[in-house]
Structure formats: C-alpha cells, structure tokens
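Student: pasting a predicted model and its sequence here:
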Amino acid sequence: VSHEPGALTNWAGTHRFGANRLHAPGSVDEAAEIIGGASRIRVLGSRHSFNDIADSAELISLRGLPEELEIDTAASTVRVASGLSYGVVAARLNGAGLGLHNLGSLPHITVGGACATGTHGSGDRNGVLASAVRGLDLIAADGTMRSVRPGDPRFDGSVIALGALGAVTHLELQVEPAYQVQQSVFEHLPWRVLLDSFDEVTSLAYSVSVLGFWGRPTLDYLWLKRRLDREEPIPLRMLSLDRSPVDSAISRDSVNGNISTLDEVGPWSERMAHFRADRAPSNSGDEIQSEYFVDRADAPDALRAVRELADVIDQMLVMSEIRTMAADELWLSPAYRRDSVGIHFTWLGSAGAEVHALLPRIEEALRPFGARPHWGKAFRMSHDHVRAVTPRLDDFLALRRERDPRDVFRNHYLDRVLLGTSANR
Ligand SMILES: Cc1cc2nc3c(=O)[nH]c(=O)nc-3n(C[C@H](O)[C@H](O)[C@H](O)COP(=O)(O)OP(=O)(O)OC[C@H]3O[C@@H](n4cnc5c(N)ncnc54)[C@H](O)[C@@H]3O)c2cc1C
C-alpha cells in the first residue's frame with residue numbers, strides 16, 4: 001500500500017511515520033523477496049510503541065502471514081507467527097490447556113513487536129515477555145532465512161533486538177499448564193507503606209502492580225493477580241487497606257469498561273493482561289507513555305526522587321504504574337542482570353510538549369540509579385546516557401553490523417539512541 005508520508009501514525013497518534021509505503025505480504029517467501037530488494041525497511045507490529053522506533057523509508061507488516069500456532073508438547077514450547085497478537089495466542093493456548101508465564105497490560109500487541117522492545121508484565125519472579133522465547137526465525141537483510149536458538153552465542157542479543165537484526169517471522173515460546181487467576185484491587189495504599197515495605201508489597205501475589213499519583217498520600221490502586229495453583233488467599237492483615245468492590249473506582253475510572261474481569265476467578269488468558277482484548281486499552285489512545293527501569297534494590301530511593309517532582313508530574317498524568325520483573329540475560333532487556341522495577345507514566349495526550357520538556361527532569365532524577373528507558377515508549381535520554389546503562393551495547397552493535405551490513409534495518413531511532421550518530425530531536 002502506498003500513501004503520503006505522514007498519513008500513517010502509531011496507535012496513539014503521537015508519531016507520524018515518514019514511510020510512504022507499507023507492504024503487507026501474505027507469505028514468508030513474499031516478505032523475504034520484499035526485504036531482500038529494499039534499501040531501508042522495518043517491520044511494523046500493531047503500532048503500539050510511542051516513538052519512531054518502527055519507522056523507516058518503507059514498512060512491512062507480517063500480520064497477513066499465515067496464523068501459525070504449533071504446540072510441541074514434548075519440548076513445552078509453542079511456535080507462533082510473529083504477527084499474532086498475545087490475545088489470540090493466549091486464547092488458543094488456554095483452549096489447548098496451556099499457558100504463558102505472563103502478559104503485558106494489553107493483549108492487542110503482536111508477539112514479535114512486544115518481544116522486540118522488551119515488553120513486560122509484573123511479578124517479582126516473572127521475567128519480561130521475551131524471557132519466554134526459546135527460538136526465533138527471521139528474514140535477514142539479504143532476504144535469506146536464519147534461525148537463532150539458545151546455545152548460539154548470538155541468541156541473547158537477538159531476542160530483544162528492536163527490529164534491528166531482521167524481520168522475525170516466528171517465535172518459539174516456553175509454555176506451561178494453563179492456570180487460573182483471581183484479580184483483586186485494593187484502594188488507598190499509603191505511599192509510606194510502599195516505600196518502607198517495598199518487598200512485602202510486591203511479593204503479595206504472583207503479579208503485583210501499584211497505580212496512582214505522586215503527590216497524594218496514598219496510591220490509588222494495589223492490583224494483585226493471584227495464581228490459584230500456587231498461592232493461598234492473599235495475606236493482607238499486615239496492610240490496612242480498603243477492599244474495593246468490583247464496581248468501585250477502577251472500573252469507574254476505566255475508559256469504556258476496558259478492564260479485565262476483577263474478583264471472579266478465571267483463566268490466565270483473560271486475567272494476566274489488565275485490559276480486555278475486545279476494547280481499546282488504557283486511555284483509548286489519548287495518551288503518551290514513558291517508563292524507566294531501576295534495580296529493585298534502589299526502587300524506594302528512586303521512587304522518592306521522582307516524588308520530588310510530584311507537583312509538575314501529577315498535572316499531566318493519567319496514571320503511573322509501578323511493576324517488578326526478574327533479571328534475565330538478554331542484552332537489551334530492561335532487566336538485564338538485575339531484578340528490576342518499572343516506573344511507568346501514562347501522560348495526557350494533550351500535554352505533549354510539556355511532557356517532552358518534563359522527561360529530561362525525570363531522567364535526571366533517576367540518573368543516580370542507572371535507570372534504563374523502555375525502548376518503545378517516549379524518552380529523551382542522550383546516547384551517552386543510554387550507553388552508560390546498557391552494558392552489552394557494544395556487543396549488540398557488533399552483532400548488528402554482522403547481521404545487517406547493508407544497514408537495511410537501520411533507522412533514525414537507532415542512529416540517535418544506540419549508535420549516537422545523530423542528536424535527540
Ligand atoms: C495501551 C498500551 C499499553 C502498554 N502496556 C505495556 C506494558 O504493560 N508493558 C510494556 O512493557 N509495554 C507496554 N506498552 C508498550 C508496547 O508493549 C510496546 O511498545 C510494544 O513494542 C508494542 O508492540 P507492537 O506490536 O505494537 O510493535 P510496534 O510498536 O509496531 O513495533 C515496535 C518495534 O518492534 C519491531 N518489530 C515489530 N514486529 C517485528 C518483527 N516481527 N520482527 C522484527 N521486529 C519487529 C518494530 O520494527 C519496532 O522497532 C503498552 C503500549 C500501549 C499503547
């Protein structure tokens with residue numbers, strides 16, 4: 001499909017793609033031919049990133065490839081087409097009695113696009129979504145197919161690769177038996193309790209999220225996802241919290257009732273994401289998102305540092321969310337070799353310019369903690385800053401040169417953020 005440059009935007013409308021061509025092949029062979037003949041091209045997932053990470057002269061969507069999903073029971077893996085959404089994969093796996101260890105807050109994103117940017121859910125012992133990847137097939141810059149499997153020295157650099165190493169056509173994901181989940185939301189968690197008892201709060205359930213504003217004495221929501229196959233009812237005696245009935249604040253606050261079912265026990269596939277697959281997620285796209293990751297040992301101090309900016313942050317905020325994730329070995333992972341805490345901001349879409357002016361202040365406040373940015377969200381960190389917090393950056397850049405000597409998948413984002421050959425806009 002050809003269109004005017006700027007006619008295609010990301011989901012939230014915060015980035016206009018400069019590309020004037022979006023290819024939509026129906027087979028891997030067709031995709032390989034397009035990529036082999038392109039001088040600059042990038043895969044586009046479901047467009048849920050908030051910056052120019054996916055942009056290029058030409059774009060290619062792999063969502064029209066056959067919707068493959070093959071379960072290997074002996075290996076406990078599933079091989080999926082990269083353009084499938086997590087929502088579709090989760091429903092099909094659950095139907096086959098299988099589960100994934102976690103989901104991000106929305107089920108709409110593609111498996112390929114989510115893994116490429118290090119997308120995560122929450123849980124002290126849960127790695128980012130890409131930590132479940134056990135293999136991938138990709139179309140390389142010359143249009144030939146490559147497979148990358150654990151044991152290959154390139155594997156840990158190839159899973160979260162920001163689309164820079166090739167077009168991933170299929171991923172193999174670790175699966176486990178399907179499980180049941182109960183979500184409970186409590187209101188008015190005092191900031192003091194979170195800061196003084198951080199480990200106790202985040203270990204209350206399999207997946208714990210804390211949501212709210214920075215200048216208020218209490219956080220709005222403590223959102224717990226309990227696995228019935230592993231956990232007893234949640235021991236809340238230590239916290240004095242208000243139990244919220246299903247119809248209370250969070251349902252009221254949610255846009256068009258888009259929150260996944262609370263209280264009632266149900267399958268992981270319909271509870272691990274915060275948002276329902278059949279509604280627009282979050283603030284329905286009237287938003288900008290940013291997120292930074294710190295070592296969980298530093299989380300209370302890092303949160304205190306952000307609270308210093310509470311007045312200005314809260315004016316532009318839809319909601320913040322604090323989540324945890326387990327360390328992994330993936331070179332560009334937000335949780336590379338450190339158990340991490342994600343400090344997330346959903347900003348009002350209308351506050352665009354002010355948000356971009358504020359981000360450097362938040363980044364400065366988080367600098368002493370070696371904060372890493374979410375690759376797919378809005379951030380302003382300089383290349384030098386990114387380099388300082390990405391220990392395997394040089395290994396990744398060497399792998400990029402080897403895999404993409406023609407710079408087919410190189411774009412402005414890579415130049416600015418990873419290569420440092422152009423400045424922040
Ligand atoms: C409402 C909302 C909620 C969100 N919640 C979370 C959350 O809970 N946790 C979190 O971590 N993030 C979250 N995000 C961010 C989101 O998960 C990431 O931006 C994710 O990368 C989006 O996936 P996508 O399919 O839209 O990819 P796109 O944004 O389309 O692309 C992202 C990158 O992946 C590359 N890519 C896509 N597909 C492929 C492929 N097959 N092969 C190679 N490269 C590919 C693109 O080139 C691009 O560089 C949220 C975003 C929104 C809008």
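Tutor: The structure has been received and is ready for your questions. Numbering: from 1, shown residues only.
Student: quick one: contacts for the residue most central in space within the chain?
Tutor: Residue closest to the average C-alpha location in the chain (C-alpha atoms, centre = their mean): residue 119, at 2.1 Å. For residue 119, the contact set (C-beta atoms under 8 Å, 6 or more residues apart in numbering) comprises 104, 109, 128, 129, 130, 376. All C-beta spots, glycine's among them, are computed from the backbone N, C-alpha and C.
Student: now do residue 318
Tutor: If you count contacts by C-beta under 8 Å, 6+ apart, then residue 318 has 282, 283, 287, 346, 347, 348 around it.
Student: and those residues, which is closest to the ligand?
Tutor: residue 282 (3.5 Å; C-beta to the nearest ligand atom).
Student: close to the ligand: what parts of this structure are there?
Tutor: Proximity of the chain to the ligand, by C-beta under 6 Å from any ligand atom, involves residues 11, 42-49, 53-54, 62, 82, 104-106, 109-110, 112-114, 116-117, 119-120, 162-163, 167-168, 281-282, 289, 374, 376.
Student: re the thing from before, any chance of the contacts of residue 119 in JSON lines, plus neighbour count?
Tutor: Written out in JSON lines, the entries for the contacts of residue 119 read as follows (neighbours: other C-beta atoms under 10 Å):
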{"residue": "104", "neighbour count": "22"}
{"residue": "109", "neighbour count": "27"}
{"residue": "128", "neighbour count": "30"}
{"residue": "129", "neighbour count": "25"}
{"residue": "130", "neighbour count": "25"}
{"residue": "376", "neighbour count": "24"}
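Student: can you put these in a markdown table and add secondary structure, distance to residue 141 and pLDDT?
Tutor: Below are those laid out as a markdown table (DSSP: H, G, I helix; E, B strand; the rest coil; distance: C-beta to C-beta, whole Å; pLDDT from 0 to 100):
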| residue | secondary structure | distance to residue 141 | pLDDT |
| --- | --- | --- | --- |
| 104 | coil | 28 | 98 |
| 109 | coil | 25 | 98 |
| 128 | coil | 26 | 98 |
| 129 | helix | 25 | 98 |
| 130 | helix | 21 | 98 |
| 376 | coil | 22 | 98 |
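Student: so which of those residues is the closest to residue 362?
Tutor: Nearest to residue 362 among the contacts of residue 119 is residue 376, at 17.2 Å by C-beta to C-beta.
Student: need the phi and psi values for that closest one.
Tutor: Residue 376 adopts backbone torsions of phi -100, psi 0, taken as degrees, to the nearest 10.
Student: so it touches residue 51, yeah?
Tutor: Yes - contact criterion C-beta atoms under 8 Å: residue 376 and residue 51 qualify, at 7.1 Å.
Student: let's verify the closest residue to residue 27 other than its chain neighbours: helix, strand, or coil?
Tutor: Closest residue in space to residue 27, ignoring its immediate chain neighbours: residue 65 at 6.7 Å, by C-beta to C-beta, 6 or more residues apart in numbering. Per DSSP: H, G, I helix; E, B strand; the rest coil, the local secondary structure of residue 65 is coil.
Student: shouldn't residue 65 be in contact with residue 31?
Tutor: Yes - Residue 65 is in contact with residue 31 according to C-beta under 8 Å; the separation is 7.0 Å.
Student: which one's more surrounded, the two?
Tutor: More neighbours surround residue 31 than the other of residue 65 and residue 31, with 23 against 20 (other C-beta atoms under 10 Å).
Student: what's the end-to-end length of stretch 306-317?
Tutor: Between the opening and closing residues of stretch 306-317 we find a distance of 13 Å, counting by C-alpha to C-alpha, to the nearest Å.
Student: pull up the overlap in contacts between residue 65 and residue 31.
Tutor: Looking at what touches both residue 65 and residue 31 (by C-beta under 8 Å, 6+ apart), the common residues are 25, 169.
Student: low-confidence ranges in the stretch 251-400 of the chain?
Tutor: Residues of the stretch 251-400 of the chain meeting the criterion pLDDT under 70: 252.
Student: ranges for the strands of it?
Tutor: Residue ranges of the strands in the stretch 251-400 of the chain, as given by DSSP state E, counting those that start in this stretch, are 266-267, 287-295, 317-325, 340-348, 372-373.
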